[in-house]
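Asks: Test case, fold it:
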Amino acid sequence: MKKEKFEKLVEGALADLPREFKKLIDNLVVIVEEEAPPEVYRKTGSHPFSRILGTYHGVPYTHRGPYYGNIPPDVITIYQKPIEEVCSSEEMIKEQVQKTVLHEIWHYFGRTDKEIDELEKKALKKK
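Replies: Next up is the predicted model:
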């Protein structure tokens with residue numbers, strides 16, 4: 001998939017976020033890169049042959065206090081190649097992009113991977 005089309009999927013996933021989330025998001029940039037560089041694998045302790053679909057870097061919303069300000073924006077990076085590798089169709093890529101963007105937004109709001117896994121399990125049970 002061309003990068004521009006993939007970026008449109010990411011933009012769409014951000015636009016589809018619940019209004020309650022969008023009104024709280026501040027000082028955040030979302031970018032698309034081909035794949036995670038080696039230092040991201042080292043930093044996260046991930047196996048070099050695993051697939052990192054996205055990362056969040058910044059000061060989580062829950063850790064911002066009255067003195068928060070005048071700092072560079074937080075960054076969510078969505079990695080195109082690993083997402084395409086785990087999906088077999090464009091529809092699956094779109095769904096995975098939505099899940100990955102939401103997962104990283106949860107990190108922005110201070111949730112851990114364990115908490116996010118629980119939230120995802122609850123959401124699947126409701127379907």
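
Asks: make it CA atoms for all contacts and neighbour counts henceforth
Replies: Will do.

Asks: Give me the number of neighbouring residues for the nearest residue to residue 80 once chain neighbours are set aside.
Replies: Counting by CA to CA, 6 or more residues apart in numbering, residue 80 lies nearest to residue 34, which is 5.0 Å off, once chain neighbours are set aside. Residue 34 sits with 13 neighbouring residues when counted by other CA atoms under 10 Å.

Asks: can you check the one 10 residues further on too?
Replies: The burial count assigned to residue 44 is 10, neighbours taken as other CA under 10 Å.

Asks: Please apply the same query to residue 69.
Replies: Around residue 69 there are 10 other residues, counting by other CA under 10 Å.

Asks: and it, backbone torsions?
Replies: Here is the backbone geometry of residue 69 (degrees, to the nearest 10): phi 160, psi 170.

Asks: still on that earlier bit, could you double-check that the residue nearest to residue 80 sits in contact with residue 84?
Replies: No: counting by CA atoms under 8 Å, residue 34 does not reach residue 84; the two are 10.1 Å apart.

Asks: Pull the CA coordinates from the longest helix along the chain and hand them back as CSV.
Replies: Counting by DSSP state H, the longest helix found in the chain is helix 90-108. Taking C-alpha atoms only, helix 90-108 is exported to CSV below (Å, rounded to 0.1, in the frame of the first residue of the first chain):
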residue,chain,number,x,y,z
GLU,A,90,-6.8,-3.8,2.9
GLU,A,91,-9.8,-4.2,5.2
MET,A,92,-7.7,-6.0,7.8
ILE,A,93,-5.1,-3.3,7.5
LYS,A,94,-7.7,-0.6,8.1
GLU,A,95,-9.0,-2.5,11.2
GLN,A,96,-5.4,-3.0,12.5
VAL,A,97,-4.6,0.7,12.0
GLN,A,98,-7.7,1.6,14.0
LYS,A,99,-6.7,-0.8,16.8
THR,A,100,-3.1,0.3,16.9
VAL,A,101,-4.0,4.0,17.0
LEU,A,102,-6.5,3.4,19.8
HIS,A,103,-3.9,1.3,21.7
GLU,A,104,-1.3,4.1,21.5
ILE,A,105,-4.0,6.7,22.5
TRP,A,106,-4.6,4.6,25.6
HIS,A,107,-0.9,4.9,26.4
TYR,A,108,-1.2,8.7,25.9
